[in-house]
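Enquirer: Dropping a prediction and its sequence here:
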Amino acid sequence: MEQFVEHQSSTDLITCAPRIIEQVLKGLADLHIDPNPILHRDLKPSNILRNAEGSWLLADFGISRILKAGMSTYESGEMGTDDWKAVESCFPGSETDGNDVRYKKESDIQVAGMVAFYIVTKGQHPFGAKQERLQNLHDGKPVGLDTLEDPLIKDFLFWMLSHKPNDRPSAYEALQHPYLQTTKKQFEMLCKVGNQPEIKIQDGKSDVVRQLNSDPKDWQKEIAPNVLEYLSKGNTLFYRHSWTDCLRLIRNVKEHWHDHPRLQPKEFFDVGDPQEYFLNIFPDLSVKVHRIIRSCDWKERDDLKEYFM
């Protein structure tokens, strides 16, 4: 991967990064499967290889370890490669002899986040320049994320690079993040969330409803008034300025888009494809919704779990 990243343009890397990162995570998902998960412990760009078919594979299992059933942590002396260790797997100082560090499945995930950042930034490290990298890692400051503009990749990496292991996703959960999903699946997720009972009735007791509506931005200002009236079927007062109402509109438009008469007005063509239209005018909405749902028990609901677990 080092050679690949070096010889690709930044634009090409951003384009191909999701596919590469997806394959790395699928490799980790296979390693981490219970009852005896394998910890790689030395994930880094030079240990990710591309075969003749163009698939990306994990390599070099020299210091990998198998966890016994029921174990979540492997303790040993510090191993691995500088700059490619999780925070719980390395010491802030240089003297480590005789001390034990912890290796967990989540340790591989944090390093996978570093590798993902390395790909999308053409060789940069999320915890900054070499001289400050280790301190930033232990302080929980992935300073490099501030340079990213895409809200999907930024949230994806922030999640994987979380300071506390329990705040990081499993490899399989990371694979469900909107950054690695098709626009079709992102749109379906928004529609399914918009169809939840608490969203329908604006349940003020629901933490999800409160979190969604804590954003003061008025989503209706992003839609041309004539288009909003058309999408609302002439009853714009039916939808308020809350983001839960935005999700209800998205869901309703998706369900009834083809119910319109054969002769369509100009607004129909202004929208075109509802999926493309809504994801373009609300580019960070799928991330916002995913971040809220993945942190609560809604992700376990039968009609939502495929987007989170």
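Expert: Looks like it came in fine.

Enquirer: use CA for all of it now, contacts and neighbours both
Expert: Noted.

Enquirer: low pLDDT regions in this structure?
Expert: Applying pLDDT under 70 to the chain flags the ranges 93-99, 260-262.

Enquirer: so what does the lengthiest helix in it touch, helix or strand wise?
Expert: If you go by DSSP state H, the chain has its longest helix at helix 10-31. The contact analysis (3 or more Cα pairs under 8 Å, 6 or more residues apart in numbering; DSSP states H and E) places helix 10-31 against strand 56-58, helix 105-120, helix 171-175.

Enquirer: Out of those, flag the one nearest Ser214.
Expert: helix 171-175 (25.4 Å; Cα to Cα).

Enquirer: ok, and what's touching stretch 49-56?
Expert: Identification of contacts with stretch 49-56 by Cα atoms under 8 Å, 6 or more residues apart in numbering yields 1, 20, 23-24, 48, 57-59.

Enquirer: which one of the helices and strands packed on helix 10-31 has the most crowded surroundings?
Expert: With neighbours taken as mean count of other Cα atoms under 10 Å, those reach their highest mean count in helix 105-120, at a mean of 25.

Enquirer: Helix or strand next in line after it, which one?
Expert: helix 130-139 (DSSP states H and E).

Enquirer: can you pull the buried residues of the helix or strand just after that following helix?
Expert: Sequence order places helix 151-160 as the next helix or strand after helix 130-139, per DSSP H and E. Judged by neighbour count using 16 or more other Cα atoms under 10 Å, the buried positions of helix 151-160 are 152-160.

Enquirer: Need the max-distance pair from the residues you listed.
Expert: Among the buried residues of helix 151-160, Leu152 and Met160 lie farthest apart (Cα to Cα), at 12.6 Å.

Enquirer: State the distance from the residue nearest to Arg133 when sequence neighbours are not counted to Arg168.
Expert: Distances taken as Cα to Cα, 6 or more residues apart in numbering place Phe127 nearest to Arg133, at 5.0 Å, with adjacent residues excluded. Separation of Phe127 from Arg168 (Cα to Cα, to the nearest Å): 16 Å.

Enquirer: Then Ile38?
Expert: Distance from Ile38 to Arg168, by Cα to Cα: 18 Å.

Enquirer: One more: Asn51?
Expert: For Asn51, the distance to Arg168 - Cα to Cα - is 29 Å.

Enquirer: Pick out whichever of these two has more residues nearby.
Expert: More neighbours surround Arg168 than the other of Asn51 and Arg168, with 22 against 8 (other Cα atoms under 10 Å).

Enquirer: For that one, give me its contacts.
Expert: By Cα under 8 Å, 6+ apart, the contact set of Arg168 is 106, 109-110, 159-162.

Enquirer: TSV for those residues, including distance to Glu88?
Expert: Formatted as TSV, these follow (distance: Cα to Cα, whole Å):
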residue	distance to Glu88
Glu106	10
Ile109	12
Gln110	10
Trp159	16
Met160	14
Leu161	12
Ser162	11
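
Enquirer: ok, those residues vs Trp243, which is closest?
Expert: Trp159 (22.7 Å).

Enquirer: Surely the closest one touches Ser170?
Expert: No - between Trp159 and Ser170 there is no contact under Cα atoms under 8 Å: 10.4 Å.

Enquirer: Can you name the residues that contact the residue nearest the centre of the chain?
Expert: The residue lying closest to the centre of the chain (Cα atoms, centre = their mean) is Phe156, at 2.9 Å. Contacts for Phe156 were tallied using Cα under 8 Å, 6+ apart; they are 174, 177, 179.

Enquirer: Pull the number of nearby residues for Leu49.
Expert: Leu49, neighbours per other Cα under 10 Å, totals 17.

Enquirer: ok so it is a strand residue?
Expert: Yes - inclusion of Leu49 in a strand is indicated when DSSP: H, G, I helix; E, B strand; the rest coil is applied.

Enquirer: Sounds good, over and out.
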